[in-house]
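S.K.: could you work out the structure for the sequence below:
(chains A and B)
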Amino acid sequence: MANRGTAQRPNGSTQGKICQFKLVLLGESAVGKSSLVLRFVKGQFHEYQESTIGAAFLTQTVCLDDTTVKFEIWDTAGQERYHSLAPMYYRGAQAAIVVYDITNQDTFSRAQTWVKELQRQASPSIVIALAGNKADLANKRVVEYDEAQTYADENGLLFMETSAKTAMNVNDIFLAIAKKLPKNEQSGSASTSGQGRRLVESDGQKAATGNCCK
Amino acid sequence: MNEEYDAIVLGTGLKECILSGMLSVSGKRVLHIDRNKYYGGESASITPLEDLFGKFKAPSPDESYGRGRDWNVDLIPKFLMANGLLVKLLIHTGVTRYLEFKSVEGSYVYKSGKISKVPIDQQEALSSDLMGLFEKRRFRSFLMWVQNMQEDDPKTWDGFDPFNNNMSALYNKFSLDKNTQDFTGHALALYRDDDYISQIAILTIRRIKLYSDSLARYGKSPYLYPMYGLGELPQGFARLSAIYGGTYMLDKPIDEIVIKDGKVVGVRSGDETAQCKQVFCDPTYVPDRVKKVGQVIRCICLMDHPIPSTSDALSTQIIIPQKQVGRNSDIYVSLVSHTHQVAAKGWFIAMVSTTVETKNPEVEIKPGLDLLGPIKQKFISISDYMVPVDDGLNSQIFISTSYDATTHFETTCLDVLDIFKRATGEEFDFNKVKHELGDEDQ
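M.R.: Here you go, the predicted model:
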């Protein structure tokens, strides 16, 4: 299977312990959630990124001094549009990036609603970052930097203005989250946060694929 | 909502969510609506606990139940067969990435007032207290024959043609007594009644093989259960559908399924109408197009201890074969607990269910309740088992059947695959799931 997402970033080389974390993206439609992830994971940007189809589960690693942090990144797949995001989405998330568009005031108030939603639904220890995206469109800015920074400080959020288009602060915001996440023994097994197991295809099942659904 | 779709799916129960996922993956434009503000419909897991008590109009739970949000209580009890259809659907669609599972620890069968572990391999058969010494040997030979027999190789049949002889003949070949037949048919082959005995033997053989292949995958028992409850399953398939472009609307009342010349053309909510070529839904959305063919009783029991005589298992299934308690259909008991993140620490959720046979269904489940020990809180529901009145080909409205009393998801998946085939005229093609859309884990 494709292993693109696990490619090592060049900002670290030590092979220490590997910690895996579930990170969820939240924010109003069209603020650039998928674009941020695509920039971070694949280094790509599409001016006319279609509404989220497909970028649903990507992984990317960030190397800190002695630790490799592997992010399992969940995109909303558009389910936020009609308030239909499933509880499963928040479940076990250790980090979240709440995104707004600096050229659109409504998206900033919606971002604050998402933060409240996270505080209600997600784990109390979740690390939340606020991203003011589309920072390249500074001439159309309506959400002031200081206003967002003050809100972030009051709520204990990391905050950066980002641009998926120019890549500004994209790696940095993930790196800042990676630094803030607790990297103890337990967090190392994030993919099985509930102490259950993931199902994988066995040889027997591969053989049975051909007739399993007749 | 005023747009045009290939398919509109109503209700976010597991069947509808799997269908929605398969349709989106197949390139259809899908709108998926639920009148409730939560996912899962009849197959939801209710959280927090206050909502469950509210649903059954009971006074709010006291503080001994811990945090309400630590509870996710299934309305319909089922386990996944580790080698069964649902696991295959989960793996081949990639939905398994969103879920974690635990093996169910024990599988028991009821005989003469007490429960015993279901023997499946030859060693367990020999040490089982379900049979006398000679019967054990006969049962062992039977199991070995089933394991070794290959459908496409008559040399392995040892002179017994399973396609042209019924199960009764196979039992006779190994001289298995009625008791052994009882747990073989009900606890291994998981039949709900005894109709199977007169059907060709291969059907039962396949089911016993499914049981033992499932057991071989993770040990302990053939069953799996998802962390945070069964309600995670529809959510996972809904996410699959959304990833492939499906549009989701919860908390949206459905006022009318719009028909023109006998065929569905849209769905109306208030003054909005979405147009479509097909509708997929559960029976509750089309009361005039389904009929009641039976009832299922389910009793949710909250307890602060495991089930007695199960070695303190944190998850269990117990099957009470019909004949043991003078019935025509089996009684099922399932147990999950805090270890599956469905209950607060120290708490257990047992569910007793069966197909209703009398005017007094609560009395019918008593043999199951009697096995549980003290119960802190009981919630009883009796649901109609509804089936569509037609195959949907004329109206293009494809209706799933209600969830039956079986303990696993095999019939659920068969219904889904059948509906998909009826509606699209083809089998679902797993090759359409493009794994590169999301990186594979690890």
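S.K.: rest of the way, CA atoms for contacts and neighbours
M.R.: Noted.
S.K.: which pLDDT does the model give residue 205?
M.R.: You didn't say which chain, so I picked chain A. pLDDT recorded at residue A:205 is 43.
S.K.: my bad, the chain I had in mind was chain B
M.R.: So residue B:205 comes in at 97 (pLDDT).
S.K.: so stretch A:64-71, near chain B or not?
M.R.: No: remark: stretch A:64-71 sits outside contact range of chain B, by Cα under 8 Å from any Cα of the partner chain, the gap being at least 10.1 Å.
S.K.: which parts of the stretch 251-400 of chain B sit against chain A?
M.R.: Counting by Cα under 8 Å from any Cα, the stretch 251-400 of chain B sits next to chain A at B:340-341.
S.K.: element containing residue B:367, please.
M.R.: helix B:366-369 (DSSP states H and E).
S.K.: to clarify, my last question referred to residue A:107.
M.R.: helix A:105-121.
S.K.: quick one: average pLDDT of that helix?
M.R.: pLDDT averaged over helix A:105-121 gives 94.
S.K.: strand partners (parallel or antiparallel) of the following helix or strand past that helix?
M.R.: Downstream of helix A:105-121, the next assigned helix or strand under DSSP H and E is strand A:127-133. Sheet pairing of strand A:127-133 (DSSP bridges) gives strand A:95-101 (parallel), strand A:158-161 (parallel).
S.K.: can you give the distance from strand A:127-133 to the centre of its chain?
M.R.: 10 Å (Cα atoms, centre = their mean, to the nearest Å).
S.K.: repeat that for stretch B:188-205.
M.R.: With Cα atoms, centre = their mean, you get 18 Å for stretch B:188-205.
S.K.: now swap in stretch B:54-74 and tell me
M.R.: For stretch B:54-74, the distance to the chain centre is 24 Å (Cα atoms, centre = their mean).
S.K.: for that stretch, which positions count as buried?
M.R.: With burial defined by 16 or more other Cα atoms under 10 Å in any protein chain shown, the residues of stretch B:54-74 counted as buried are B:61, B:65-74.
S.K.: what's the closest of the residues you listed to chain A?
M.R.: Minimum separation from chain A among the buried residues of stretch B:54-74 (Cα to the nearest Cα) is found for residue B:69, which lies at 9.2 Å.
S.K.: in a helix, the closest one, correct?
M.R.: Yes: assessed by DSSP: H, G, I helix; E, B strand; the rest coil, residue B:69 belongs to a helix.
S.K.: tell me how far the residue lying closest to it once chain neighbours are set aside lies from residue B:224.
M.R.: Excluding the flanking residues, the one nearest residue B:69 by Cα to Cα, 6 or more residues apart in numbering or on different chains is residue B:48, at 4.4 Å. To residue B:224, residue B:48 is 23 Å away according to Cα to Cα, to the nearest Å.
S.K.: likewise for residue B:14?
M.R.: Taken as Cα to Cα, the span from residue B:14 to residue B:224 is 16 Å.
S.K.: can you show me the strands along chain A?
M.R.: In chain A, the strands defined using DSSP state E lie at A:17-27, A:57-63, A:67-74, A:95-101, A:127-133, A:158-161.
S.K.: now the stretch 101-250 of chain B
M.R.: B:101-103, B:106-111, B:114-117, B:223-226, B:247-249 (DSSP state E, counting those that start in this stretch).
S.K.: got the domain ranges for chain B?
M.R.: B:4-43+B:231-291+B:387-441, B:46-105+B:293-385, B:118-218 (automatic domain parsing).
S.K.: could you provide those in a markdown table, with additional columns for distance to residue A:22?
M.R.: Formatted as a markdown table, the domains of chain B follow (distance: least, Cα to Cα, whole Å):
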| stretch | distance to residue A:22 |
| --- | --- |
| domain B:4-43+B:231-291+B:387-441 | 12 |
| domain B:46-105+B:293-385 | 11 |
| domain B:118-218 | 26 |
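S.K.: which among these is found nearest to residue B:111?
M.R.: domain B:46-105+B:293-385 (6.4 Å; Cα to Cα).
S.K.: quick one: buried residues of the longest strand belonging to chain B?
M.R.: Secondary structure assigned by DSSP E gives strand B:290-303 as the longest strand of chain B. Buried residues in strand B:290-303, counted by 16+ other Cα under 10 Å: B:290-291, B:295-303.
S.K.: now those residues as CSV including pLDDT?
M.R.: As requested, these are exported to CSV (pLDDT from 0 to 100):
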residue, pLDDT
B:290, 98
B:291, 98
B:295, 97
B:296, 97
B:297, 97
B:298, 97
B:299, 97
B:300, 98
B:301, 98
B:302, 98
B:303, 98
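S.K.: counting neighbours, go ahead and name the busier of residue B:14 and residue B:224.
M.R.: Counted by other Cα atoms under 10 Å in any protein chain shown, residue B:14 and residue B:224 do not tie: residue B:14 has more neighbours, with 30 against 26.
S.K.: picking up where we left off before, is any part of the helix holding residue A:107 close to chain B?
M.R.: No: Helix A:105-121 lies out of reach of chain B by Cα under 8 Å from any Cα, never closer than 9.2 Å.
S.K.: what comes up buried for that helix?
M.R.: So, applying 16+ other Cα under 10 Å, buried residues of helix A:105-121: A:107-108, A:110-112, A:114-115, A:118.
S.K.: so residue A:130 is in contact with residue A:152, correct?
M.R.: Yes: applying Cα atoms under 8 Å, one finds residue A:130 in contact with residue A:152, separated by 7.0 Å.
S.K.: between those two, which contacts overlap?
M.R.: A:158-159 (Cα atoms under 8 Å, 6 or more residues apart in numbering or on different chains).
S.K.: still on that earlier bit, and the helix holding residue A:107, what does it pack against?
M.R.: In terms of contacts (3 or more Cα pairs under 8 Å, 6 or more residues apart in numbering or on different chains; DSSP states H and E), helix A:105-121 is packed against strand A:17-27, helix A:87-90, strand A:95-101.
S.K.: mind checking how far that helix is from the chain centre?
M.R.: 15 Å.
S.K.: kindly report the same for stretch B:391-399.
M.R.: That offset, for stretch B:391-399, works out to 24 Å (Cα atoms, centre = their mean).
S.K.: for stretch B:157-176, same thing?
M.R.: With Cα atoms, centre = their mean, you get 29 Å for stretch B:157-176.
S.K.: buried set for it?
M.R.: Quick answer for stretch B:157-176 (16+ other Cα under 10 Å): B:157, B:162, B:166-171, B:174, B:176.
S.K.: so which of those are in helices?
M.R.: Within these, residues falling in helices by DSSP state H are B:167-171.
S.K.: now those as a markdown table including distance to residue B:205 and pLDDT?
M.R.: Below are these laid out as a markdown table (distance: Cα to Cα, whole Å; pLDDT from 0 to 100):
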| residue | distance to residue B:205 | pLDDT |
| --- | --- | --- |
| B:167 | 9 | 97 |
| B:168 | 12 | 97 |
| B:169 | 13 | 97 |
| B:170 | 10 | 97 |
| B:171 | 11 | 97 |
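S.K.: then the host helix or strand of residue B:18 to CSV, C-alphas only?
M.R.: Under the criterion of DSSP H and E, residue B:18 resides in helix B:14-25. What follows is helix B:14-25, C-alpha atoms only, in CSV (Å, rounded to 0.1, in the frame of the first residue of the first chain):
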residue,chain,number,x,y,z
LEU,B,14,-25.9,0.8,9.6
LYS,B,15,-27.6,-0.7,6.5
GLU,B,16,-28.3,2.8,5.0
CYS,B,17,-24.8,4.0,5.8
ILE,B,18,-23.1,1.0,4.1
LEU,B,19,-25.4,1.5,1.1
SER,B,20,-24.6,5.2,1.0
GLY,B,21,-20.9,4.4,1.1
MET,B,22,-21.2,1.8,-1.7
LEU,B,23,-23.2,4.1,-3.9
SER,B,24,-20.8,7.1,-3.5
VAL,B,25,-17.8,4.8,-4.1
